[in-house]
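Novice: Take this sequence and fold it.
(one chain, ligands or ions: 1)
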Amino acid sequence: MDPSQLTLVQTQSMLRARQISARELAIAFLDRIDRINPDINAFITVDREGALRAAQQADERLHQGNATPMTGIPIGVKDLFCTENLRTTCGSKMLSRFIPPYESTVTRKLKEAGAVILGKTNMDEFAMGSSNETSWFGPVKNPWDPQRIPGGSSGGSAAALAAGLALATIGTDTGGSIRQPAALTGITGLKPTYGRVSRYGMIAFASSLDQAGPMARSAEDAAVVLQCIAGHDAQDSTSIRADVPDYAKTLYPRMDAIRIGIPTEYRPDNLLPEIQQALEKAEQIFRDLGAVLVPVSLPHTRYAIPTYYIIAPAEASSNLARYDGIRFGYRCQDPVDLKDLYTRTRTEGFGDEVKRRIMLGTYVLSSGYYDAYYRKAQKVRRLIANDFHEAFKSVDLLLTPTTPTTAFPLGDKIDDPVAMYLSDLFTINVNLAGLPGISIPCGTDAQGLPIGMQLIAPILKEENLLSAAHAFQTATTWHQRKPEL
Ligand code: GLN
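Specialist: Have a look, this model is predicted:
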């Protein structure tokens, strides 16, 4: 059996029909990881023992007939979800030996449902980056071309899927980190509404923006994973009290009378022509499926990057203050006094991008600058959110490119932070407004590299995103393309 050819939904029925056992499946994936991961670097930690134990329990459950849709499904989890007794590094030297004493809500739900966690996936340090090159554990390679980046910060979760090393993965998205790597590796990635999935036990980057979500081979597969992880959690004060619909039942192959808005600001003149063409073809497919396409305007779009790069670093500087060498994480050798302990621990434990964000964030929060930068950014954030609420008075969904380019070569932007930040031009506003967004494959460039498109929906309308993505995937085969490995 070649595990890279399976989808989650196919595997569910194979497990139930006993055509395969959870144990055989786990071994097939673990062996493939052993063979391919050294070249791709998608996993920081592979938990063979834990996976085999979970697979055995899954087989017992399947045998007893009390399996859930996730029972026995091999998955990867971004390495910023605390997993009890399993190292959780956040891609940083600071936490390179951190073994959490507790479990995040997302991983607890997955484990309780019987999912088999194969390991923890690589990521940009503290989820800061768009290329996976800021990881202390080395860059992740794009399975479509190992000379290129897979996107970030959930690049390990994206590359693991594209390389067929798991049936689904979990990522997090603060400004695009699920959708952008999904687009650059040819997979499906969903960022839910802020508050839809619990942040408890997720190592914080920017708390008002961070959100966990599924990455998968199709919208249908992503629906199964979202079903498992979504829902209110008393341990996260920003978690939304709202029922979770049955996502698998809300997937329709048609889009009759669905109104899709095309925001004019998301089609800049310098957009890669192949991306422009792929989007135009996708629009025609949506029309053929019955949708009505209309132009809309989101006038504050161009303030996305400056607004985000005040708010996110401000929150990061506060969240990362806890890594002081005293309570947990890395501590420098032989400090001479307290100041030396703080200074050297943080100097040695954090990488350049993290330090840049801490300095920027501390600056915009400092007295005298708070009103000029931070408070102003919060006001602009409201204007950005209002643009979307206005647009959703006349349309059900928005369709945009996910990224301005396809996967770029390793090293291309790492010394130019602003060029790197612009990779998230089309995804960041969605986080600032707290909305759900999905990226799905919709074409390739001249070199065969994947192109993704983004659909955005109103608050808590994940089912509309999944349904539209599913309809598109019923009519196209882009999501079935796989790199040769
Ligand atoms: N690339 C953006 C950043 O560097 C977004 C990261 C993310 O979504 N975690 O902040």
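Novice: got the residues of the stretch 201-350 of the chain near the ligand?
Specialist: Counting by CB under 6 Å from any ligand atom, the positions of the stretch 201-350 of the chain adjacent to the ligand are 205, 312. (Glycine included, C-beta is placed from N, CA and C.)
Novice: So which residues of the stretch 201-350 of the chain form helices?
Specialist: Taking DSSP state H, counting those that start in this stretch as the test, the helices found in the stretch 201-350 of the chain are 219-229, 273-288, 304-319, 338-349.
Novice: Dump those into a markdown table; add mean neighbour count as well.
Specialist: Shown next, in a markdown table, are the helices of the stretch 201-350 of the chain (neighbours: other CB atoms under 10 Å):
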| stretch | mean neighbour count |
| --- | --- |
| helix 219-229 | 26 |
| helix 273-288 | 16 |
| helix 304-319 | 22 |
| helix 338-349 | 15 |
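Novice: for these, which one sits closest to T174?
Specialist: helix 304-319 (6.3 Å; CB to CB).
Novice: quick check: mean pLDDT across the helix ranked longest in the chain?
Specialist: Taking DSSP state H as the criterion, the chain has its longest helix at helix 22-40. The pLDDT scores in helix 22-40 average 98.
Novice: do stretch 474-481 as well
Specialist: 98.
Novice: what about that stretch, distance to the chain center?
Specialist: 21 Å (CA atoms, centre = their mean, to the nearest Å).
Novice: May I see the buried residues of it?
Specialist: 476, 478-479 (16 or more other CB atoms under 10 Å).
Novice: which one of those residues is nearest the ligand?
Specialist: Nearest to the ligand among the buried residues of stretch 474-481, counting by CB to the nearest ligand atom, is H479 at 22.1 Å.
Novice: The stretch 351-485 of the chain: strands as residue ranges?
Specialist: 397-401, 437-444, 450-456 (DSSP state E, counting those that start in this stretch).
Novice: and the following helix or strand past the longest helix of the chain, what other elements does it pack with?
Specialist: Sequence order places strand 43-46 as the next helix or strand after helix 22-40, per DSSP states H and E. The contact analysis (3 or more CB pairs under 8 Å, 6 or more residues apart in numbering; DSSP states H and E) places strand 43-46 against helix 22-40, strand 116-121, helix 155-162.
Novice: 10 Å instead, please
Specialist: Contact here means 3 or more CB pairs under 10 Å, 6 or more residues apart in numbering; DSSP states H and E; on that basis strand 43-46 packs against helix 22-40, strand 74-78, strand 116-121, helix 155-162.
Novice: what's the angle between the third one and helix 22-40?
Specialist: Between strand 116-121 and helix 22-40, the angle comes out at 10 degrees (axes from the mean of the first three to the mean of the last three CA atoms, to 10 degrees).
Novice: do the same with the last one
Specialist: Using the same axes, to 10 degrees, one finds that helix 155-162 and helix 22-40 are set 120 degrees apart in direction.
Novice: touching the ligand at all, helix 155-162?
Specialist: No. On the criterion CB under 6 Å from any ligand atom, helix 155-162 is out of touch with the ligand, staying 10.5 Å away.
Novice: and E84, what does it touch?
Specialist: 99-104, 107-108, 111, 201 (CB atoms under 10 Å, 6 or more residues apart in numbering).
Novice: Just give the nearest non-adjacent residue to it, would you?
Specialist: E103 (4.4 Å; CB to CB, 6 or more residues apart in numbering).
Novice: what helix or strand does the one you found sit in?
Specialist: E103 is part of no helix or strand, with elements assigned from DSSP H and E.
Novice: For it, give me the pLDDT.
Specialist: Reported pLDDT for E103: 98.
Novice: Distance check, it against R199.
Specialist: E103 sits 14 Å away from R199, going by CB to CB, to the nearest Å.
Novice: Ok, T264 next?
Specialist: Counting by CB to CB - T264 and R199 are separated by 34 Å.
Novice: who has more neighbours, the two?
Specialist: Taking neighbours as other CB atoms under 10 Å, T264 and R199 compare with R199 leading, 24 against 13.
Novice: Show me the helices in the stretch 351-485 of the chain, by range?
Specialist: Going by DSSP H, counting those that start in this stretch, the stretch 351-485 of the chain shows helices at 352-365, 376-391, 417-421, 428-432, 462-475.
Novice: Got phi/psi on the residue positioned nearest the centre of the chain?
Specialist: Centroid-nearest residue in the chain, with CA atoms, centre = their mean: I178, separated by 2.2 Å. The phi and psi values for I178, taken as degrees, to the nearest 10, are phi -100, psi -50.
Novice: Can you tell me how far it is from P436?
Specialist: From I178 over to P436 (counting by CB to CB), the distance is 11 Å.
Novice: Over to K339?
Specialist: 45 Å.
Novice: which residues of the stretch 201-350 of the chain score low on pLDDT?
Specialist: Along the stretch 201-350 of the chain, no part satisfies pLDDT under 70.
Novice: for the longest helix of the chain, packing partners?
Specialist: The helices and strands touching helix 22-40, judged by 3+ CB pairs under 10 Å, 6+ apart, are helix 8-16, strand 43-46, helix 48-64, strand 74-78, strand 116-121, helix 155-162.
Novice: who wins for proximity to V430 among the ones you listed?
Specialist: helix 155-162 (17.5 Å).
Novice: Can you spell out which helices and strands pack onto the closest one?
Specialist: Going by 3+ CB pairs under 10 Å, 6+ apart, helix 155-162 lies up against helix 22-40, strand 43-46, strand 74-78, strand 116-121, strand 168-172, helix 179-185, strand 188-191, strand 212-216.
Novice: swap the cut-off to 8 Å and go again
Specialist: By 3+ CB pairs under 8 Å, 6+ apart, helix 155-162 packs against strand 43-46, strand 74-78, strand 116-121, strand 168-172, helix 179-185, strand 212-216.
Novice: What's the separation between the residue of the chain positioned farthest from its centre and T343?
Specialist: Note on the chain: the largest C-alpha distance from the chain mean falls to V336, namely 41.1 Å (CA atoms, centre = their mean). Note on V336: its distance to T343, by CB to CB, is 11 Å.
Novice: hang on, the earlier thing: and of the helices of the stretch 201-350 of the chain, who's closest to S4?
Specialist: Across these, closest to S4 is helix 219-229 (CB to CB), at 14.0 Å.
Novice: For S297, which residues are in contact?
Specialist: The contact partners of S297, by CB atoms under 8 Å, 6 or more residues apart in numbering, come to 263-265, 387, 391.
Novice: Which members of those are the farthest-apart pair?
Specialist: It's T264 and D387 that sit farthest apart of the contacts of S297, by CB to CB, at 12.0 Å.
Novice: and the spatially closest residue to M453 that is not a sequence neighbour, what does it touch?
Specialist: Distances taken as CB to CB, 6+ apart place C442 nearest to M453, at 4.4 Å, with adjacent residues excluded. By CB under 8 Å, 6+ apart, C442 lies in contact with 278-279, 281-282, 451-453, 472, 476, 478.
Novice: again, but for A67
Specialist: 15-16, 58, 61, 114.
Novice: wait, is it part of a strand?
Specialist: No. Going by DSSP: H, G, I helix; E, B strand; the rest coil, the assignment for A67 is coil, not a strand.
Novice: Kindly list the main-chain dihedrals of it?
Specialist: phi -80, psi 150.
Novice: Let me see the contact set for S198.
Specialist: 104-106, 212, 229, 231-233, 235-236, 239.
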